[in-house]
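what follows is a predicted structure for the sequence shown.
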Amino acid sequence: MLPSGVHFKDHAEEMRLLRTGPQRAALALLVLLLAAFPFFASTYVVGLAITVAITVIAVAGLQITVGMAGLLNLGQSAFVGVGAFTAAALYANYNVPMLPAIALAGLASGLVSIVFSLPAIRIRGLYLALTTIAAQVVFPIVVLRLPTAWFGGSAGIGLDRVQIFGVAVEIDRGACPALPIFGIMQRLGNVSDREMFRTFNMGIGMIVITGPDAVQEMKERLGSLYEIGRVVSGSRSVEII
């Protein structure tokens, strides 16, 4: 609904998403609030917001095929999965910065969707739905069959949790005793130390990062704990030593 007195000179102007000054101001305010949101919201709420944002992205893409084009697409989650795994692999395995990784992931997802859309050019209705659902079926099979170093196989890809500009993290492999089950999993799955730490944390729970001068005080206050590593100069990396 628009307020009275708003007129348009042509159809293109009428079809704009942001038609008035107050609408543009409201969008700018929303962007500022979203940028500030992680700084005042709890970790739990931020996690929920991330899940909602991912769902919004998936639904927005589905709106194009189903809502605008009127085509029944049942493989949307597979194409979203291609983008998600590509972004995570580029960021975690090849040290590609997050924003370029997201852009490249969108390109990869688009290319895969083209592969499935080519056979569907001449079909409509339920037959198109069958073609797109094929992507939904094929995607997890392909991910599981590809080399584990690419997308992590059934374990998926774990992203490093401490990513601060200009620093790196060194983890002492033997500082915290790991449960035997992790050794069994590593041997049976032929998984590297880095992948075990990144995916399963090797049983490590809460981690506290503090300055060197506060280490002894933390030990006295918290009682039983392990000093598992250190933050050093570097560039967004985690080393298992």
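Right, received. Where do you want to start?

what pLDDT is listed against the residue lying closest to Ser154 once chain neighbours are set aside?
Using C-beta to C-beta, 6 or more residues apart in numbering and skipping residues adjacent in sequence, the residue nearest Ser154 is Leu144, 5.9 Å away. Bear in mind the C-beta positions are built from the backbone N, C-alpha and C, glycine included. Here, the pLDDT recorded for Leu144 equals 82.

surely Leu144 and Gly152 touch.
No. Using C-beta atoms under 8 Å, Leu144 is not in contact with Gly152; the gap is 10.0 Å.

residue contacts, the residue nearest to the spatial centre of the chain?
Central residue of the chain (C-alpha atoms, centre = their mean): Ala84, 5.6 Å from the mean position. When contacts are counted by C-beta atoms under 8 Å, 6 or more residues apart in numbering, Ala84 is found next to Ile54, Ala105.

what residues sit buried inside the strand or helix carrying it?
Per DSSP states H and E, Ala84 falls inside helix 76-93. Across helix 76-93, burial judged by 16 or more other C-beta atoms under 10 Å covers 76, 78-92.

for the residue nearest to the centre of the chain, give me the pLDDT.
For Ala84, the predicted pLDDT is 88.

show me the domain layout of the protein.
Taking automatic domain parsing as the reference, the chain has its domains at 18-154, 167-240.

which stretches of the chain have low pLDDT?
Scanning the chain with the threshold set as pLDDT under 70 gives 1-6, 8, 13-14, 124-125, 155, 158-166, 234-237.

helices of that one, start to end?
11-14, 21-40, 43-62, 76-93, 98-117, 126-145, 148-151, 180-189, 193-200, 215-222 (DSSP state H).

which one of the ones you listed is the most hemmed in?
Burial of those is given as mean neighbour count (mean count of other C-beta atoms under 10 Å); helix 76-93 ranks first at a mean of 20.

any idea how far that helix is from the chain center?
Averaging C-alpha positions (C-alpha atoms, centre = their mean, to the nearest Å) puts helix 76-93 7 Å from its chain's average.

can you check stretch 42-53 too?
12 Å.

using CSV, write out every CA atom in that stretch.
Coordinates of each C-alpha in stretch 42-53 appear next as CSV, following Å, rounded to 0.1, in the frame of the first residue of the first chain:
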residue,chain,number,x,y,z
SER,A,42,23.5,-13.4,22.3
THR,A,43,25.3,-16.2,20.5
TYR,A,44,22.1,-18.3,20.6
VAL,A,45,20.0,-15.6,18.9
VAL,A,46,22.7,-14.9,16.3
GLY,A,47,22.7,-18.7,15.5
LEU,A,48,19.0,-18.6,15.0
ALA,A,49,19.2,-15.5,12.8
ILE,A,50,21.8,-17.2,10.6
THR,A,51,19.5,-20.2,10.1
VAL,A,52,16.6,-17.9,9.3
ALA,A,53,18.8,-15.9,6.8
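
nothing else from me, thank you.
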